[in-house]
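Engineer: Pasted the sequence and its predicted model underneath.
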Amino acid sequence: MRWIALCVAALSAHAAVNARLLRRPAVDARTRRTSVLLPVRDEAHRVEPCLRALLRNDFDELLVLDDGSSDGTADVVRRLAGEDPRVVVLTGRPLPIGWLGKPHACQQLADAADQGSEALVFLDADVVLAPHAIAATVGMLDAVDLVSPYPRQDCPGATRLVQPLLQWSWLTFLPLRLAERSPRPSLSAANGQLLAVRRSTYDRAGGHAAVRNEVVEDVALLRAVKAAGGTGGVADGTELATTRMYDSWRELVDGYTKSAWTLPVPAAGLLAVLYVAPAVAALRGSRWGQTAYAAGVVGRVISARRTGGRALPDSLAHPVSVAALCWLTGRSHLARRRGTLTWKGRSV
């Protein structure tokens with residue numbers, strides 16, 4: 001348990017270093033012709049806040065692709081866009097064999113974007129942007145080829161048990177500045193909720209066609225960019241955007257079941273050893289277990305404070321959060337083995 005405690009303490013110290021190095025938004029000045037690309041599928045209940053905020057931003061065109069919605073999403077988009085000449089609503093083509101839905105929608109959007117655009121900004125319909133978000137995001141492309149400003153996560157109810165682990169994971173385990181330049185696929189983190197890429201690099205990497213069957217297409221796209229000689233990674237999007245991925249625990253379970261199988265079982269086991277086992281040992285009176293638990297809580301607090309999350313009392317339940325993630329990972333692996341993975345009515 002002593003070595004576990006030392007390891008957890010080192011990881012929390014690494015998170016503190018990353019919190020200082022995390023790339024921040026550029027000055028509010030857009031210097032590239034920009035196309036904003038928004039795929040939507042059955043988002044009538046949430047697309048309005050996204051669009052109202054987006055239309056207050058500075059960009060050259062907004063392409064919205066309705067990917068087979070059955071709830072009138074496209075009508076909502078047209079009503080909100082009004083006479084704004086920047087907005088074009090497209091109808092998605094049927095999903096080809098070998099493609100997953102989101103990569104196919106994103107590739108169609110990229111193909112339809114103005115060929116003169118120097119920057120492509122991909123956005124999800126559950127993201128609400130600050131008025132300067134697009135300009136600040138595109139400005140960060142001065143330093144890297146692809147940038148993914150991580151939005152502040154709105155986590156209602158029980159969802160905050162697991163959702164903040166997304167930011168905690170890359171702050172804790174990924175050397176951020178090294179990862180931006182490294183071509184190693186394992187040193188990659190991205191978030192497709194808000195992602196900007198230089199058009200020339202995107203095309204050179206093969207676009208979303210290169211990641212057509214990837215469930216976690218955002219990270220896969222970054223890896224394709226790196227394989228093509230580009231650079232990129234996550235950045236601080238706390239003041240740029242807010243998103244609520246899931247409204248309930250049930251939605252979160254469904255969402256993680258779709259994609260958590262991408263976390264290898266041994267990695268989930270290591271997380272359990274580092275963050276769950278010490279809590280159990282601490283309850284049994286182990287001093288090293290108590291030390292390891294405390295170090296893990298400190299790391300979670302650092303992550304929450306840096307990314308706009310709720311530090312306390314949520315961080316005190318960090319072992320429970322990790323245990324829940326391990327359970328979701330096992331559930332996802334089992335569903336994949338059984339061939340029952342689905343998302344928005346489509347097989348994954």
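Structural biologist: Now that the structure is in, tell me what you want to look at. Numbering: from 1, shown residues only.

Engineer: Against Leu271, how distant is Asp66?
Structural biologist: Distance of Asp66 to Leu271, given as Cβ to Cβ, to the nearest Å: 39 Å. Every residue, glycine included, has its C-beta placed from N, CA and C.

Engineer: out of the two, which sits in the busier spot?
Structural biologist: When Asp66 and Leu271 are compared for neighbours, Asp66 comes out ahead with 23 against 19, by other Cβ atoms under 10 Å.

Engineer: my guess is the more buried one contacts Gly72, does it?
Structural biologist: No. Using Cβ atoms under 8 Å, Asp66 makes no contact with Gly72, being 9.6 Å away.

Engineer: Next one: Ala272 relative to Ser321, how far apart?
Structural biologist: Distance from Ala272 to Ser321, by Cβ to Cβ: 12 Å.

Engineer: Who has more neighbours out of the two?
Structural biologist: Per other Cβ under 10 Å, whichever of Ala272 and Ser321 has more neighbours is Ser321, with 22 against 17.

Engineer: is it fair to say the more buried one lies in a helix?
Structural biologist: Yes. Using DSSP: H, G, I helix; E, B strand; the rest coil, the assignment for Ser321 is a helix.

Engineer: Excluding residues flanking it in the chain, which one is nearest it?
Structural biologist: Closest residue to Ser321 apart from its sequence neighbours, by Cβ to Cβ, 6 or more residues apart in numbering: Leu161 at 5.2 Å.

Engineer: In contact with that neighbour, which residues?
Structural biologist: For Leu161, the contact set (Cβ atoms under 8 Å, 6 or more residues apart in numbering) comprises Asp314, Ala317, Val320, Ser321, Ala324.

Engineer: What of Thr172?
Structural biologist: Contacts of Thr172 by Cβ under 8 Å, 6+ apart are Leu11, Ser12, His14, Ala15, Asn18, Gly299, Ser303.

Engineer: Ala130 too?
Structural biologist: Ala130 makes contact with Ala53, Glu239, Leu240, Ala241, according to Cβ under 8 Å, 6+ apart.

Engineer: Any of those buried? List them.
Structural biologist: For the contacts of Ala130, a burial check counting by 16 or more other Cβ atoms under 10 Å picks out Ala53, Glu239, Leu240, Ala241.

Engineer: Need the max-distance pair from those residues.
Structural biologist: Largest separation among the buried ones among the contacts of Ala130 by Cβ to Cβ: Ala53 and Glu239, giving 13.4 Å.

Engineer: Report the central residue of the protein.
Structural biologist: Centroid-nearest residue in the chain: Asn191, 2.6 Å away (criterion: Cα atoms, centre = their mean).

Engineer: my guess is that one meets Val147, correct?
Structural biologist: No. Asn191 lies out of contact with Val147 (Cβ under 8 Å); the separation is 10.3 Å.

Engineer: what's the closest of the contacts of Thr172 to Ala135?
Structural biologist: Asn18 (25.4 Å).

Engineer: Give me the packing partners of the helix or strand where the closest one lies, helices and strands only.
Structural biologist: Assigned by DSSP states H and E, Asn18 falls within helix 2-21. With contacts defined as 3 or more Cβ pairs under 8 Å, 6 or more residues apart in numbering; DSSP states H and E, the packing partners of helix 2-21 are helix 165-173, helix 176-181, helix 277-283, helix 287-307.

Engineer: buried sites along it?
Structural biologist: Counting neighbours by 16+ other Cβ under 10 Å, one finds that the buried residues in helix 2-21 are Ile4, Ala5, Val8, Ala9, Leu11, Ser12, His14, Ala15, Ala16, Asn18, Ala19.

Engineer: any idea what sits nearest the third one, other than its immediate chain neighbours?
Structural biologist: Beyond its immediate neighbours in the sequence, the residue positioned closest to Val8 (Cβ to Cβ, 6+ apart) is Ala295, lying 4.3 Å away.

Engineer: residues contacting the one you found?
Structural biologist: For Ala295, the contacting residues are Ala5, Val8, Ala9, Leu11, Ser12, by Cβ under 8 Å, 6+ apart.

Engineer: my guess is Val36 is in a strand, correct?
Structural biologist: Yes. If the criterion is three-state DSSP, then Val36 is within a strand.

Engineer: Could you check how far the residue lying farthest from the centre of the chain is from Ala304?
Structural biologist: Here the chain reaches farthest from its C-alpha mean at Gly285, the gap being 38.2 Å by Cα atoms, centre = their mean. Distance, Gly285 to Ala304, by Cβ to Cβ: 28 Å.
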